[in-house]
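Engineer: Sequence and predicted structure are below.
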Amino acid sequence: MTDDTPTGHTPSPRRRTRTTVTFGAALLLTAGLTLAGCASTSASVSTATATTAATATTTATAAATTDSTAGTIADTTAAADAFLATLTDEQRDAVLYAYDDATKTTSWSNFPVTFVQRAGLNLADLTEEQQTAALAVLESLLSDEAYATVVGIMGGDEYLHENSSSTESSLGQYYIAFFGDPSDTDAWSVQFGGHHLGINADLNGTDNAITFAPTHLGVQPAVYTNADGEEVQPFDGIYTDAFAFFDSLTAEQQATLTSGDVTMCAPGDECDYGSGAGLTGADLTDAQKQLLLALIANWAGMADDETNAAALAKIEATLDDTVIAWSGETTYDMSTGDGISFSISGPNVYIAFQAQQGSAGADVAGVSTSGWGHVHTIYRDPTNDYANSVTQQAASGMAGGPGN
């Protein structure tokens, strides 16, 4: 335990580095899906040691480097239009929804796609050209660090599909949908996801705003070896940031933190965002607040510098009223214990990080697929989910709860 002055971990901004590198090997997803430009070693999103993710060489993502919201919206719109141009009329009809279609709230989940049907097109049903164009939309939307995390999550699902005892046939299947027509000005949304991933990004050129609330990031296993023999650890950055914050706290602060109530508002749930007891932002030093914001940035800071700064400034403005609670291990050592769970609940942010105490049948000899190695997370904005375009509909079927 340390005093209240953090050491050894200085938050750095999320950079939108548009360096184009072509991978020599593709990451193979189930049912023939090829993710061109994906296998990143130790795909971390740590604000201390952010790794620049290599990106696929495509026309849609060859836009100029930008750290602005307007630039991201323009690049993502161009990539979406390029993707739509590769589709048949029938496929276009399947991927496009009205901007305010309530399907937006019910077609993403922390359950496999065989349990909760996703909106849009299954990438496994697309040609390689269409798959590459679809993933270029994500590349244009996300910072390189966030894209690396997404790639690592998808690779983990494919690793389980290839190596685990799971009989779940949908591992590695991902869907893409657009709500509203891609536009530099009018509001529209990108929805992308599968079992351990659910991205809902709203882009509005008129308001010069992008929001990722709500979004689900999950991981299973914690560490795996990809087809090139490289070790991939998709949540290492999140774990690193979480323990940098925890280690900065005094013994008294840690006691308050761990005596609090860790809450969970799952995908598909209508939430009251109850915070319960715990450590509040008002209890933190300025340095500790910055470490907490660095942790929050793993969800709220997934785009360009301007977008990320605006999202974090909104959260920081009410940080004193934000409650943080923690349970589980108190050191970052995945060889012991059952992992960690924490929640961050405030007027402008809700994040729940929950270790799943079970593998859901996806067992791999010698690999952690439970606890540390099986995590579901959720990010929501109590004031601005779906950019207030729709209201969360009540979940039907297997859409709520911790999931598997």
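Structural biologist: Now that the structure is in, tell me what you want to look at.
Engineer: quick one: strands adjacent to the longest strand along the chain?
Structural biologist: Identified as the longest strand of the chain according to DSSP state E is strand 371-380. Taking DSSP bridges as the criterion, strand 371-380 pairs within the sheet with strand 215-219 (antiparallel), strand 349-356 (antiparallel).
Engineer: and for the shortest one, what are the contacting residues?
Structural biologist: Residues lying outside strand 215-219 but in contact with it, judged by CB atoms under 8 Å, 6 or more residues apart in numbering, are 108-110, 149, 152-153, 156, 193, 195-201, 234-235, 267, 298-299, 302, 373-379, 403. To be clear about C-beta, it is placed using only N, CA and C from the backbone, and glycine gets the same treatment.
Engineer: what does the domain assignment say about this protein?
Structural biologist: Domain assignment for the chain by automatic domain parsing gives 27-232, 236-388.
Engineer: could you give the mean pLDDT of the first one?
Structural biologist: Looking at domain 27-232 alone, the average pLDDT works out to 83.
Engineer: And the pLDDT for residue 402?
Structural biologist: pLDDT, residue 402: 46.
Engineer: helix or strand for the closest residue to residue 167 other than its chain neighbours, which one?
Structural biologist: Nearest non-adjacent residue to residue 167, counting by CB to CB, 6 or more residues apart in numbering: residue 361, 6.8 Å away. For residue 361, there is no host helix or strand (DSSP states H and E).
Engineer: List the contacts of residue 361.
Structural biologist: Residues near residue 361 by CB under 8 Å, 6+ apart: 164, 165, 166, 167, 168.
Engineer: Then residue 368?
Structural biologist: If you count contacts by CB under 8 Å, 6+ apart, residue 368 has them with 221, 222, 223, 334, 374.
Engineer: Test my guess that residue 385 contacts residue 189.
Structural biologist: No. Contact criterion CB atoms under 8 Å: residue 385 and residue 189 do not qualify, at 11.5 Å.
Engineer: Neighbour count for those two, which is higher?
Structural biologist: residue 189 (25 against 21; other CB atoms under 10 Å).
Engineer: A helix includes the more buried one, no?
Structural biologist: No. Counting by DSSP: H, G, I helix; E, B strand; the rest coil, one finds residue 189 to be strand, located in no helix.
Engineer: how distant is the longest strand of the chain from the center of its chain?
Structural biologist: Between the centre of strand 371-380 and the centre of its chain there are 10 Å (CA atoms, centre = their mean, to the nearest Å).
Engineer: same check, this time on stretch 239-256
Structural biologist: Relative to the centre of its chain, stretch 239-256 is centred 23 Å away, using CA atoms, centre = their mean.
Engineer: any idea of the mean pLDDT in that stretch?
Structural biologist: Averaged across stretch 239-256, pLDDT comes to 98.
Engineer: How about stretch 320-334?
Structural biologist: Rounded mean pLDDT across stretch 320-334 is 97.
Engineer: what comes into contact with stretch 330-340?
Structural biologist: 222-223, 239-240, 242-243, 246, 254, 258, 326-329, 353, 355, 357, 368, 370-373, 375.
Engineer: swap the cut-off to 7 Å and go again
Structural biologist: 222, 239, 242-243, 246, 326, 328-329, 355, 357, 368, 371-372, 375 (CB atoms under 7 Å, 6 or more residues apart in numbering).
Engineer: out of those, which are inside strands?
Structural biologist: 326, 328, 355, 371, 372, 375.
Engineer: Just the closest of the residues you listed to residue 312, please.
Structural biologist: residue 326 (20.8 Å; CB to CB).
Engineer: List the contacts of the residue lying closest to residue 280 once chain neighbours are set aside.
Structural biologist: Setting aside the residues directly before and after it, residue 280 is nearest to residue 323 in space (CB to CB, 6+ apart), at 5.5 Å. Residue 323 makes contacts with 260, 275, 276, 278, 280, 345, 346, as judged by CB under 7 Å, 6+ apart.
Engineer: if you set the cut-off to 6 Å instead, what comes out?
Structural biologist: By CB atoms under 6 Å, 6 or more residues apart in numbering, residue 323 lies in contact with 275, 278, 280, 345.
Engineer: farthest pair in the residues you listed?
Structural biologist: Across the contacts of residue 323, the longest distance by CB to CB is 10.2 Å; it joins 280 and 345.
Engineer: More neighbours: the two, which one.
Structural biologist: Between residue 280 and residue 345, counted using other CB under 10 Å, residue 345 has the larger neighbour count: 26 against 17.
Engineer: so the host helix or strand of the more buried one versus strand 371-380, what angle?
Structural biologist: Per DSSP H and E, residue 345 falls inside strand 340-346. Between strand 340-346 and strand 371-380, the angle formed by their directions is 10 degrees, by axes from the mean of the first three to the mean of the last three CA atoms, to 10 degrees.
Engineer: Could you work out the end-to-end span of stretch 108-118 for me?
Structural biologist: 6 Å (CA to CA, to the nearest Å).
Engineer: Show me which residues of it are buried.
Structural biologist: Neighbour-count burial for stretch 108-118, counted by 16 or more other CB atoms under 10 Å, picks out 108, 109, 110, 111, 112, 113, 115, 116, 118.
Engineer: what's the angle from the helix or strand hosting residue 150 to strand 215-219?
Structural biologist: Per DSSP H and E: residue 150 is located in helix 144-163. Helix 144-163 and strand 215-219 are oriented at 50 degrees to each other (the same axes, to 10 degrees).
Engineer: Give me the distance from whatever helix or strand comes next after helix 144-163 to the chain's centre.
Structural biologist: Sequence order places strand 175-179 as the next helix or strand after helix 144-163, per DSSP H and E. Between the centre of strand 175-179 and the centre of its host chain there is 16 Å, according to CA atoms, centre = their mean.
Engineer: and strand 175-179, what does it pack onto?
Structural biologist: Strand 175-179 sits against strand 188-194, with contacts defined as 3 or more CB pairs under 6 Å, 6 or more residues apart in numbering; DSSP states H and E.
Engineer: For the strand it packs on, which helices and strands make contact with it?
Structural biologist: Checked by 3+ CB pairs under 6 Å, 6+ apart, strand 188-194 has strand 175-179, strand 197-204 packed alongside it.
Engineer: do that again at 7 Å, thanks
Structural biologist: helix 128-141, strand 175-179, strand 197-204 (3 or more CB pairs under 7 Å, 6 or more residues apart in numbering; DSSP states H and E).
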